[in-house]
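# Coordinates only, no sequence provided:
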């Protein structure tokens, strides 16, 4: 039959693809090269992110092994201690305050919001 390709010895028929000009082949090779470059850059970025996450995970694991016994003090006492601590430090995060004063983090956030609304402290963004 016309258009059919016969193979020898009953093997799978060979399919013929139209020949492509060199410039088409070269542009496809260049495009694949660009894709490989982009993928390599993405892999490099992901490796850096994974490395940073690994470092953070190690820090978190070391901190999670520490047990902090929280103190139970009045709101007014806690507010005074927070203000005293802030006067001694340039910049603290809520977690730092809670850890330094051995107070519940939720309580610290609540008290800091209250102190901010009273105009006693300012919260950096």
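Arrived safely, thanks for sending. As the structure is a prediction and not an experimental result, all values here were calculated from the model. Numbers count the residues shown, from 1 in each chain.
# Can you give me every residue that contacts residue 113?
Contacts for residue 113 (CB atoms under 8 Å, 6 or more residues apart in numbering) come out as none. Every C-beta, even on glycine, is put in place using the N, C-alpha and C of the backbone.
# Where does residue 62 fall, secondary structure wise?
helix 22-64 (DSSP states H and E).
# buried sites along the following helix or strand past that helix?
Under the assignment DSSP H and E, the closest C-terminal helix or strand after helix 22-64 is helix 75-88. Neighbour counts over helix 75-88 (16 or more other CB atoms under 10 Å) mark 78-79, 81-82, 86 as buried.
# ok so, going back, quick one: the helix holding residue 62 to chain centroid distance?
Counting by CA atoms, centre = their mean, to the nearest Å, helix 22-64 is centred 14 Å from the centre of its parent chain.
# pLDDT averaged over stretch 41-58, what's the number?
On average, the pLDDT along stretch 41-58 is 89.
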